[in-house]
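Enquirer: Sequence first, then the predicted structure, then my questions.
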Amino acid sequence: MRGRSRSDDSDADAFNAPADRDTTLPSCTERLRSGGRNAQSPQRDPDSDERNIGNQSAPVSIVRDLRRLGTEADGLIEKLSTLRSNLGQIREHFRTSGASGDLEIGALQLVQTALHAERVAEAATARLSELAWLSHRDPLTNLPNRALMLDRLENAIALARRQGSQFAVLFLDLDNFKRINDTLGHAIGDEALKLVARRLRSTLRESDTVSRYGGEEFVVLLPNISCATDAEVIAQSLQNALASPSRAGPYRLELSASIGVSTYPEDGEDAQSLVGRADAAMYRAKARGPGNVEFFGERQRALSEQPGQPPEAPNRRSLP
């Protein structure tokens, strides 16, 4: 005969639960909010999430899996709550009538069914949480994707507005990356992107966020800077990290990036403006040659606010 295990104790506890105890379990969505990776994030509109995921060219199957697993997990948890309620009623019947035999066998079967349903529901919830996390990650570099970066930018804006602080946005575009893809192949290009992601991540502070924004573009969020010089120092550190000797497969690579910088609130007070103006500054840096850093600055801001020019995207051809 085997010894008692933790599951045996759980069986007994479930069977002996008071009939009047609240056995309602939180829904899958509530459990994710309280214990998932994004527990501190504000509640999202599912339709908005699907649009964001679609903008990142994420597989449509991720959206379907998220919804399907959420429905399955909630259904199983609801069934489990019903089974536990039934167990409480059976326990009360045993207490008042002293019944045994078939009823006792039926009660044990209900216990086993309830515990099995709980394990299945927990597995579905864990898978749902994993898919939700993956839907906000770039599949190649495992960095946050555009949707997650914009979400964190909105949070940084709200926090900076409350605290009266400032932060910086860096827009990086790898120099001459098309040449790597064209001459060495896309497999080597992918290895180069993963190498760049590792170097950027290892150079930044833990509080910073680096995302792959698309193609060979990366966006960095630097919260709580005291002045623009802080962003300049970090941008130069990123340049130094990229300039270190690099190898992808059998090839030696020379990597650099053009970096544009915008700051909150001087260069914009919403995420799209800050990213767009850092992007415009990046193109100005690229026009000066590989490996340069450029701030959006007063001149760029004046140009972007000319009639007919959208504030987040000045005419790049007009930049010297």
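Expert: Structure received. Numbers count the residues shown, from 1 in each chain.
Enquirer: mean confidence for the helix or strand hosting Leu242?
Expert: Applying DSSP states H and E as the criterion places Leu242 in helix 228-243. Regarding helix 228-243, the rounded mean pLDDT is 94.
Enquirer: What are the contacting residues of it?
Expert: 168, 170, 172, 196, 199-200, 202-204, 208, 220, 222, 225, 254-257, 259, 261, 263, 291, 293, 295 (Cβ atoms under 8 Å, 6 or more residues apart in numbering). Bear in mind the C-beta positions are built from the backbone N, C-alpha and C, glycine included.
Enquirer: the strands in the stretch 101-250 of the chain, which residues?
Expert: Using DSSP state E, counting those that start in this stretch, the strands of the stretch 101-250 of the chain run over 166-174, 209-214, 217-225, 246-248.
Enquirer: Please identify the deepest-packed of these.
Expert: Among these, strand 166-174 has the highest mean neighbour count (mean count of other Cβ atoms under 10 Å), at a mean of 24.
Enquirer: what are the pairing partners of that strand, and which direction each?
Expert: Strand partners for strand 166-174, identified by DSSP bridges, are recorded as strand 217-225 (antiparallel), strand 257-264 (antiparallel).
Enquirer: Now render the ones you listed as TSV, adding distance to Ser135 and mean pLDDT.
Expert: Below are those laid out as TSV (distance: least, Cβ to Cβ, whole Å; pLDDT from 0 to 100):
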stretch	distance to Ser135	mean pLDDT
strand 217-225	18	96
strand 257-264	27	97
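Enquirer: Turn these into CSV, columns for distance to Ile157.
Expert: As requested, the strands paired with strand 166-174 are exported to CSV (distance: least, Cβ to Cβ, whole Å):
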stretch, distance to Ile157
strand 217-225, 10
strand 257-264, 6
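Enquirer: can you tell which of the ones you listed is closest to Arg146?
Expert: strand 217-225 (7.9 Å; Cβ to Cβ).
Enquirer: List of residues touching the closest one?
Expert: 143, 146, 149, 152-153, 156, 159-160, 165-174, 196-197, 200, 204-205, 207-213, 230-231, 234, 238, 257, 263, 275, 278.
Enquirer: what's the angle between that strand and helix 228-243?
Expert: Relative orientation of strand 217-225 and helix 228-243, computed by axes from the mean of the first three to the mean of the last three Cα atoms, to 10 degrees: 140 degrees.
Enquirer: still on that earlier bit, pull out the buried members of the contacts of helix 228-243.
Expert: The neighbour-count criterion (16 or more other Cβ atoms under 10 Å) marks 168, 170, 172, 196, 199-200, 203-204, 208, 220, 222, 225, 255-257, 259, 261, 263, 291, 293, 295 among these as buried.
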